[in-house]
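Colleague: predicted model follows, preceded by the sequence.
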Amino acid sequence: MKLFYKKFGSGRPMVILHGLYGSSDNWISIGRALADDFEVYLVDQRNHGRSPHDDQHNYEAMRNDLLDFLTDAGLDRIILAGHSMGGKTAMCFAANFPGRVEKLIVVDMAPKSYRILIRKEVPSHYDILKAMKEVDFTRISGRREVDRMLAPVIKQRRIRAFLMKNLGKTDDNRYFWKLNLNVLLRDLDNIMGDINENCFEPGAVPGSLPVLFIRGENSPYILDRDMDIIKKIFPSAELETISGAGHWLHAEQPEAFIDVLRRFAG
């Protein structure tokens, strides 16, 4: 699969993977900020952004997409960063191809299941995807109407604004979702579940691989006790917490996030 990407800067290569509902567009300001020190690749994962849609959406497939991308781009060893779903893809890739990763950065995600957590969230990911699917684009002439259709289920304006970054427009001015909503909804349990055990062969990740987990202070996604399972898979893992940030810490505290990223990546 040929993944869409954006490239900034020059230097040691860094690849950044977005999370669920995200795309390379959400990371442009981060990519530009790092461009003085790194050659930054912002990649759209399958079924997101401008990358192709596919009937499969699992971490093995996304891991293999990344391998194909590196081969096509002529990249040997990279600094690999991933947020949320992208963090799981990055962990899976590093566990299977540790020789291709110089340093690993996992943003607000642990190698565990989040199925219980997402059912407690309001709105849940199920609610979000169903609300997006129910938007009737035949009755839409502008973005405000999409916002109004989402509002009864997704009451947080910030979340609606983030989701609406996935709106596309055809040549004849018809709106559509860039996301492959049917597949994402069907496979949501797998996306939020444990990473398939095939990603983590015992001892697959060398203890010498530098690994950084970054969490938001106000996010429930990485708990202190999660470091036990993290250390079993990534023996050298460190943890940094960004104050005043939740799950989307790169958008909520971008300067602090960039500082942590730059210091670790070197």
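Modeller: Structure's in. What do you need?

Colleague: contacts for the helix or strand where L212 lies, please.
Modeller: Under the criterion DSSP states H and E, the helix or strand holding L212 is strand 211-216. With contact meaning Cβ atoms under 8 Å, 6 or more residues apart in numbering, strand 211-216 is reached by 94, 103-108, 110, 205, 221-222, 230, 234, 236-242, 245-249, 252-253, 257, 260-261, 264. Every C-beta, even on glycine, is put in place using the N, C-alpha and C of the backbone.

Colleague: domain map for this structure?
Modeller: 5-112+194-265, 118-186 (automatic domain parsing).

Colleague: export those domains to JSON lines and tack on mean pLDDT and mean neighbour count?
Modeller: Shown next, in JSON lines, are the domains of the chain (pLDDT from 0 to 100; neighbours: other Cβ atoms under 10 Å):
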{"stretch": "domain 5-112+194-265", "mean pLDDT": "94", "mean neighbour count": "19"}
{"stretch": "domain 118-186", "mean pLDDT": "92", "mean neighbour count": "15"}
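
Colleague: tell me which stretches of the stretch 101-250 of the chain form strands.
Modeller: Under the criterion DSSP state E, counting those that start in this stretch, the stretch 101-250 of the chain contains strands at 101-107, 167-169, 175-177, 211-216, 238-242.

Colleague: any idea of the angle the fourth one forms with strand 101-107?
Modeller: Just to be clear, that refers to strand 211-216. Angle between the axes of strand 211-216 and strand 101-107 is 20 degrees (criterion: axes from the mean of the first three to the mean of the last three Cα atoms, to 10 degrees).

Colleague: strand 211-216: partners in the sheet, and parallel or antiparallel?
Modeller: Taking DSSP bridges as the criterion, strand 211-216 forms sheet pairs with strand 101-107 (parallel), strand 238-242 (parallel).

Colleague: again, but for the third one
Modeller: In the sheet, strand 175-177 lines up against strand 167-169 (antiparallel) (DSSP bridges).

Colleague: how close does the nearest residue to Q253 once chain neighbours are set aside sit to K130?
Modeller: Of all residues not flanking Q253 in the chain, A245 sits nearest, at 4.3 Å (Cβ to Cβ, 6 or more residues apart in numbering). Taking Cβ to Cβ, to the nearest Å as the measure, A245 falls 28 Å from K130.
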